[in-house]
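J.: Sequence first, predicted model second:
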Amino acid sequence: MPEAGSSASVVALEGRVGFDDFVHTGPRTLAGRYLRRQWQPVYHCADLEAGRAKPLRIMGETFALYRGASGEAHLVDGSCPHRGMQLAAGTVEGEAIRCFYHGWKYASDGQCVEQPAEESRFCAKIRIRAYPVREYLGLVFAYLGDGEPPAFPLYPEFEYFEGLLEIDSYQRSCNYFQNLENALDMSHVGYVHGDNVAAFSGIGLGRALTAEESDWGVEYTFRRKDGQIRINHFGMPNVFNMYALPTDPEIRWQESLFWWVPIDDESHMQFSLHRVPATGKDAERIRERRQARRKQINLAHQLLAEEILGGRLRLQDVDAEHCDIVRLQDDIAQLGQGRIVDRSKDHPGLADVGVIALRKLWRRELAALAEGRPTKSWTRPKGLGPSAWGLAGAPARVPATPEEASRNRAEIVDVRPFVEVDAQLRALGGL
Amino acid sequence: MPEAGSSASVVALEGRVGFDDFVHTGPRTLAGRYLRRQWQPVYHCADLEAGRAKPLRIMGETFALYRGASGEAHLVDGSCPHRGMQLAAGTVEGEAIRCFYHGWKYASDGQCVEQPAEESRFCAKIRIRAYPVREYLGLVFAYLGDGEPPAFPLYPEFEYFEGLLEIDSYQRSCNYFQNLENALDMSHVGYVHGDNVAAFSGIGLGRALTAEESDWGVEYTFRRKDGQIRINHFGMPNVFNMYALPTDPEIRWQESLFWWVPIDDESHMQFSLHRVPATGKDAERIRERRQARRKQINLAHQLLAEEILGGRLRLQDVDAEHCDIVRLQDDIAQLGQGRIVDRSKDHPGLADVGVIALRKLWRRELAALAEGRPTKSWTRPKGLGPSAWGLAGAPARVPATPEEASRNRAEIVDVRPFVEVDAQLRALGGL
Amino acid sequence: MPEAGSSASVVALEGRVGFDDFVHTGPRTLAGRYLRRQWQPVYHCADLEAGRAKPLRIMGETFALYRGASGEAHLVDGSCPHRGMQLAAGTVEGEAIRCFYHGWKYASDGQCVEQPAEESRFCAKIRIRAYPVREYLGLVFAYLGDGEPPAFPLYPEFEYFEGLLEIDSYQRSCNYFQNLENALDMSHVGYVHGDNVAAFSGIGLGRALTAEESDWGVEYTFRRKDGQIRINHFGMPNVFNMYALPTDPEIRWQESLFWWVPIDDESHMQFSLHRVPATGKDAERIRERRQARRKQINLAHQLLAEEILGGRLRLQDVDAEHCDIVRLQDDIAQLGQGRIVDRSKDHPGLADVGVIALRKLWRRELAALAEGRPTKSWTRPKGLGPSAWGLAGAPARVPATPEEASRNRAEIVDVRPFVEVDAQLRALGGL
């Protein structure tokens, strides 16, 4: 059980933040401290049964995540301070968790409340860290930083709308920042997802791209020859709000929200939400098709990517019926850079404006953090949303009353292939 | 073939021995030197066929263990000094071993006696180390230290008694010292082996425990509310003599002897002997039941423990018919601390008196070793034995004549599940 | 994707070259630089389809090897300088290769000729390294060094003769230099390949061996009691020209050519060519027998060797019908020394004259390289060939005209077991 993050000897000299500093996210690293200042999604609500604890590895640290008898989710330190036992192997009692080894029991606020063999006041002195947790949009969010958490960021457009909210997260075995950069890089689409036809359709043409700092992070735009524009929004430090054409022909453009969260420095999760603007019979049909697809996809894209990059399999020989090809294509591109790409060898061009903007903002913020200067407070303006060629997702149907809230709330549909759920839990379990 | 022990850069400052020094047992480490001063069990006699050599990895070093044509066991260095070839891949000729690569032949005392292609006196100058070996109680013991070995420690109670001597060793993938500590830690029993019922029955209550230094190591006692006591004996540096209730309902209390021997710093063996006080029809029935069980247990506890600690399996879902649950429970507790637990973060309580005593003695002895001062000569008083609530194993029927010796000697029964034998040999083989 | 070679911190002090310096062959190591001064075989022509790129790992570096539409083979750097993407995952277009990520296209001379999203002169500034490549005797040879490559070494005896040219390469999971040493070590034959019978037949008797520096490298001779001699030739730095009795009883003595090329420091390829002096019906029968054998051998010798060295399998229990036993025997000997043998512990004897000569030449040449002095220019005299007991391969039928050339050229027959081809491609693919 190596501690990727904690073993990284990343020394950030004042004001001199290198590309390496994006990469390492253990608790004592610059990027790790920066990411921990925000609420981060860490698990799927659906994967956490009541009365059960799970080991959870995030940014190189191991935690115990459990759902109490009340149904509430709790997150605490991964090890019992008594003798270092993994807490997730313990038992959940009400809202508390009891260590498997000697039965030390911790309330959900981390206070030790029982030490069966001790009979003393010793337990009052023992407290583990408990982390603020909130379930939202089908995901468990946690605040892993110091002090009071910031206000919990809400995404009303994804909560209240007519349609289905699909969750389709995945695990990828490379550094998370490679996925961040891939998002603000529209020019990869024509090749990575263009079925490798050399014809460049013009999507992501360098001179047609802009990437400007915004209140939330980066506004990333692409202007078509006819003047129409597409705007996507990146939210610092690791969220993306995108408008795109999905692979399902029945669904037209849809709005998505992505978070990239490190498991350790060589593995990360993409937590993905999609607003599917379908209702009634259409929604039913899509929901059914998606559930059938969860079983049909039985080839792990992670393994196929390794075969392809090892030269033993060709992308065109993969059975698309049993694999999510788009995901696999991105695997190839991002894993093809290596587990951790060496950015010092890069030769960015015009088409890399998004990547460059991202690195610039991160470097500036990490430098501020390293020097103890204030970092920028990113805020997402109300109603901000991505758009393409004049199309955009419908605005949130923000409810005025509790009754309206329950009526307006979109149904959450888990569309992760079962083979992917298994790979995720294995990677998040950390052992 | 990494050399775990030899690569550890453990510098022991004079008189300042840390918890880390217990952990590393390569030939140049403090703990490694300390453990090598005693005879250690390293293999099962039953696993060593005549005329065959086996690679053996103990405390981070690799040896060649073989049984000569005479039936005698021999232990020599793992590599041929000619060109570094693994000796265990060679052939056994009489009591000698011949290297697979160029046929250099070594007598069982390590002297090179043949170099077929050399025809010179060169071989007289080549000698590998041969290590004193003794077979006893079904186990191969070896002395891996420098100089003359100490007197071979005998356990007449385990040799001469009415009943069966069961051998039931196992391999565990964590540092050996975690298992040592687990022995002098009675309060884990109620949780780890209590089927995870939160009801603490009082076994191992802190204030009812004492751990006192003895001539042999540590006398570890527990006093029940009714005043009855249970006494187990720990023998420095790594033996335990225990009296306990086994899982087999037919067998009442039985006396056991355990050794914990490092394979490397992240894996160790527990060699286990049990005195089963059954004779006649009872013994026969027990022997048969045990042999059937060896096949029935076909789930490797090592693998199940990893699944459980990875959050993918629950202990209560394991099929007890096909797994040794008690062993698995200890796996979870000890592997749950990590491959090598970080003791600097511990918060020991009253119930940890045994663990504390153990660490104290080890630190004292290792400090003496580091400073070149004499270490304590541990001796096991004649007739010393564990007991519980007034019960104890019968005293040894020490024989007066050779005839009596063969009559009084208990039958040795190997009860290791076959899946466990396989796992052991794989781990001890080191590759 | 660890970079074994590049991470090795091998500092060669002037004039002081240790055994370790033979071992590490990354681009900045002494041995790596020395090996890169020669053309090296790196792949099988038969394994490279037209229009397809393959990742290739040689001496710790990763390259992209591809065959253009014209049928010509090309070798370029492994990563796209744009953002570090693995180039072999890209597509071959004519003689060019296009990156999978953003479609940057490189001509076979390494010049970037297209950057679809850039529309600028930027691509003129981007050039990757292209390496001289030549296909010869069924193998792809590459020059990986700096500056102009030396003259391409020809082996007319292997090109023009009456018979079949068999190719039977293999991958072995240890340092390449252990295999080099094994070649100039005739005394291993009686044991490693003597079915472990202790009877030493006198092959490789120390006083009957000589190893003299030659224009090409080392002339290695063995004199039989009757005065007959056997001469094999080693070509610096890593070629061997040998005359031996193969296992096929129908084929008498045959001449072979071997190259040992590191994949990384713990894995290497032996590229092997055999002149089979059979024609007509004999040749047909041998060819058919060999093709049948390719399927029949379905046990990977690499895996069997690990089982044997782990003490879990005995050589005599391996089914020779389904395994190449000679190869397995050498695996045991060479892997039995460890992935990288520690030569500082060696005790060489008279029978090691070949090994000693090899090390001496290598040390002398690496020292010259380290000190910036000229290294020796090795040349293979025309007509040089190995022989045994007065027998030798027929001289080359060097053609005088193109017509003669095509008539005189031996047919190339790939005899690698399919399980071996798979293992090779996996290892050479590097992932």
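T.: Right, received. Where do you want to start?
J.: For the top helix by length along chain A, which residues meet the burial criterion?
T.: Ranked by residue count, the top helix of chain A under DSSP state H comes out as helix A:353-371. Applying a neighbour-count criterion of 16 or more other Cβ atoms under 10 Å in any protein chain shown, one finds A:353-359, A:361-363, A:365-370 buried in helix A:353-371. Any C-beta I mention is one placed from the backbone N, CA and C, and that applies to glycine too.
J.: now swap in stretch A:250-269 and tell me
T.: So, applying 16+ other Cβ under 10 Å, buried residues of stretch A:250-269: A:251, A:253-269.
J.: which residues of chain A score low on pLDDT?
T.: Under the criterion pLDDT under 70, the flagged ranges of chain A are A:1-15, A:195-200.
J.: Go through the buried residues of stretch A:250-269 and flag which are in strands.
T.: Per DSSP state E, strands hold the following members of these: A:254-264, A:267-269.
J.: how about the residues of chain A near chain C?
T.: A:181, A:185, A:187-188, A:190-192, A:196, A:198, A:200, A:204-207, A:306, A:308-312, A:314, A:332-333, A:336-339, A:341-343, A:345-352, A:355 (Cβ under 8 Å from any Cβ of the partner chain).
J.: Narrow these to just the buried residues.
T.: Of the residues of chain A next to chain C, these count as buried by 16+ other Cβ under 10 Å: A:181, A:185, A:187-188, A:190-192, A:196, A:200, A:204-206, A:306, A:308-311, A:332-333, A:336-339, A:341, A:343, A:346-347, A:349-352, A:355.
J.: Among these, name the ones in strands.
T.: Going by DSSP E, the strands hold none of those.
J.: And the contacts of stretch A:298-315?
T.: A:170-173, A:196, A:318-319, A:322-325, A:327-329, A:331-332, A:335-336, A:417-420, A:423, C:52-55, C:86, C:88-89, C:425-426, C:429-431 (Cβ atoms under 8 Å, 6 or more residues apart in numbering or on different chains).
J.: can you check stretch A:404-418 too?
T.: Outside stretch A:404-418, the residues that touch it by Cβ under 8 Å, 6+ apart are A:44, A:46, A:137-138, A:158-170, A:275-276, A:283, A:287, A:290-291, A:293-298, A:324, A:397-399, A:424.
J.: Count the residues that sit near the closest residue to chain C within the stretch 1-150 of chain A.
T.: Nearest residue of the stretch 1-150 of chain A to chain C (Cβ to the nearest Cβ) works out as A:Phe19 at 11.0 Å. Using other Cβ atoms under 10 Å in any protein chain shown, the number of residues around A:Phe19 comes to 17.
J.: so what's the nearest residue to it once chain neighbours are set aside up against?
T.: Excluding the flanking residues, the one nearest A:Phe19 by Cβ to Cβ, 6 or more residues apart in numbering or on different chains is A:Arg343, at 3.6 Å. Going by Cβ under 8 Å, 6+ apart, A:Arg343 touches A:Phe19, A:Arg359, C:Gly84.
J.: and stretch A:372-383, which residues are buried?
T.: A:Trp378, A:Arg380.
J.: Now the terminal residues of it, how far apart.
T.: 33 Å (Cα to Cα, to the nearest Å).
J.: got a list of contacts for it?
T.: Residues contacting stretch A:372-383 (Cβ under 8 Å, 6+ apart): A:34, A:37, A:153, A:215-217, A:233, A:235-236, A:365, A:368-369, A:395.
J.: Give me the buried subset of those.
T.: Buried among the contacts of stretch A:372-383 (16+ other Cβ under 10 Å): A:Tyr34, A:Arg37, A:Trp216, A:Gly217, A:His233, A:Gly235, A:Met236, A:Glu365, A:Ala368, A:Leu369.
J.: Out of the buried ones among the residues of chain A next to chain C, name the ones that lie in helices.
T.: If you go by DSSP H, those have A:Glu181, A:Gly190, A:Tyr191, A:Val192, A:Glu306, A:Ile308, A:Leu309, A:Ile332, A:Ala333, A:Val355 in helices.
J.: so what's the third one up against?
T.: The contact partners of A:Tyr191, taken as Cβ under 8 Å, 6+ apart, are A:Phe200, C:Arg98, C:Cys99, C:Phe100, C:Tyr101, C:His102, C:Gly103, C:Pro116.
J.: For the stretch 51-200 of chain A, which segments count as helices?
T.: Counting by DSSP state H, counting those that start in this stretch, the stretch 51-200 of chain A has helices at residues A:156-159, A:176-183, A:189-192.
J.: Can you lay out those helices as CSV showing distance to B:Gly385?
T.: Output for the helices of the stretch 51-200 of chain A, formatted as CSV (distance: least, Cβ to Cβ, whole Å):
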stretch, distance to B:Gly385
helix A:156-159, 69
helix A:176-183, 59
helix A:189-192, 72
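J.: residue contacts, the residue nearest to A:Gly217 when sequence neighbours are not counted?
T.: Leaving out its chain neighbours, the residue that sits closest to A:Gly217 by Cβ to Cβ, 6+ apart is A:Met236, at 4.0 Å. When contacts are counted by Cβ under 8 Å, 6+ apart, A:Met236 touches A:Trp216, A:Gly217, A:Val218, A:Leu361, A:Trp362, A:Glu365, A:Lys376, A:Trp378.
J.: By neighbour count, which bits of stretch A:210-228 are buried? Give me those.
T.: Neighbour-count burial for stretch A:210-228 [16+ other Cβ under 10 Å]: A:Thr210, A:Ala211, A:Ser214, A:Trp216, A:Gly217, A:Val218, A:Glu219, A:Tyr220, A:Thr221, A:Phe222.
J.: ok, now stretch A:80-99?
T.: A:80-92, A:95-99.
J.: measure the closest residue to A:Ala89 other than its chain neighbours to B:Ile308 for me?
T.: Spatial nearest neighbour of A:Ala89, chain neighbours left out: A:Phe100 (4.5 Å); criterion: Cβ to Cβ, 6+ apart. The gap separating A:Phe100 from B:Ile308 is 10 Å, by Cβ to Cβ, to the nearest Å.
J.: related to what we said a few turns ago, now the contacts of stretch A:404-418: which count as buried?
T.: Using 16+ other Cβ under 10 Å as the burial test, those include A:44, A:137-138, A:158-161, A:163-170, A:275-276, A:283, A:287, A:290, A:294, A:297, A:324, A:397, A:399, A:424 as buried.
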